[in-house]
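Novice: Give me coordinates for this.
(one chain, ligands or ions: 1)
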Amino acid sequence: MASLAQSPTRPPYSMVKITQGNTRVAQNIYDNDQFFANYSSLPRSRDGLAAAPEWPALQAFLPPVPGARVLDLGCGFGWFARWAIEAGAANVLGIDISANMLARALELTESDAITYRQGDLESLAMDEPPFDLVYSSLAFHYIEDFGKLARGMAEWLRPGGRLVFSVEHPIFTAPSTQEFIEGPDGRPAWPLNRYLDEGPRVTAWLAPGVVKYHRTIGTYVRDLVAAGLVVRDIVEWAPSPEAITEHPEWGENRERPPFLLVAADRP
Ligand SMILES: C[S@@+](CC[C@H](N)C(=O)[O-])C[C@H]1O[C@@H](n2cnc3c(N)ncnc32)[C@H](O)[C@@H]1O
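Specialist: Numbers count the residues shown, from 1 in each chain. Predicted coordinates for the structure are as follows:
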């Protein structure tokens, strides 16, 4: 059985950032009942990587996985952790702030090479030996201080190790209102504003009061470089026209990329 390494008990999480002494505690929206019920019914929550259309592009960024020590930040239900073990990884440590997500991950996981730990990426301390791969899918746009996290990730990787992550694309996270409108030509249009105004955006995705942090592509790259990492590749991912023929419901995502995928190396 996979194990759950519990962090010290925390107070209940609020809908917004709260402070304990001088330490900021991140929002934990995945432990909100309404949000968790809606998130659990999404295709990618039920069917995992096979239902994540950007997965093949993210997978193409991975280094060889056999034998690798892997850290999965914001691991959610553990879909990637289980894939990595099946692909031959030596072990995976999955970190997530949400007790709900980790409880489901444990239910779905049989391998004892996977450990799940409750932790906040805003203030994560790590005393494990360095990892070959640090991976994260769609979690870093919940993090306010990406520069600090980037410095942490650079430390947690061994020299020659790789960071691979996806986030909601900055064009997606920037606007005051994150919904398509009808453009003058009748096509869906994404009302991009506030691109250079970095910081929190409160959205109503799956529940009211969901806080995500917008930052520009420039800031993502600059923070990684300042942490000593070398950016290898960036994909502004959107479904291909062929994929949209098969899944017409993804069509609007050709109007603006929903995800940014990044690979970086620790030299
Ligand atoms: C969209 S889900 C992605 C889950 C998983 N990586 C996947 O792709 O299936 C985002 C995950 O990030 C976690 N998360 C958000 N903020 C976090 C934080 N400050 N520290 C740790 N995990 C966080 C959430 O609890 C949630 O499980």
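
Novice: Can you report how many residues lie near the residue lying closest to residue 94 once chain neighbours are set aside?
Specialist: Closest residue to residue 94 apart from its sequence neighbours, by CB to CB, 6 or more residues apart in numbering: residue 75 at 3.1 Å. To be clear about C-beta, it is placed using only N, CA and C from the backbone, and glycine gets the same treatment. For residue 75, the number of neighbouring residues by other CB atoms under 10 Å comes to 27.

Novice: wouldn't residue 75 be in contact with residue 95 here?
Specialist: Yes: counting by CB atoms under 8 Å, residue 75 touches residue 95, with 6.3 Å between them.

Novice: Could you name every residue contacting both of those two?
Specialist: Residues within reach of residue 75 and of residue 95 at once, by CB atoms under 8 Å, 6 or more residues apart in numbering, are residue 116.

Novice: closest point of the stretch 1-150 of the chain to the ligand, which residue?
Specialist: residue 76 (2.5 Å; CB to the nearest ligand atom).

Novice: My guess is residue 203 contacts residue 178. True?
Specialist: Yes: look at residue 203 against residue 178 with CB under 8 Å: they come within range, at 5.4 Å.

Novice: in the stretch 101-250 of the chain, which segments are predicted with low confidence?
Specialist: Within the stretch 101-250 of the chain, no range satisfies pLDDT under 70.

Novice: residues from this protein in reach of the ligand?
Specialist: Residues of the chain lying close to the ligand by CB under 6 Å from any ligand atom are 26, 30, 74-77, 79, 96-98, 101, 120-122, 137-139, 142-143.

Novice: Could you list which of the residues you listed belong to strands?
Specialist: 96, 137 (DSSP state E).
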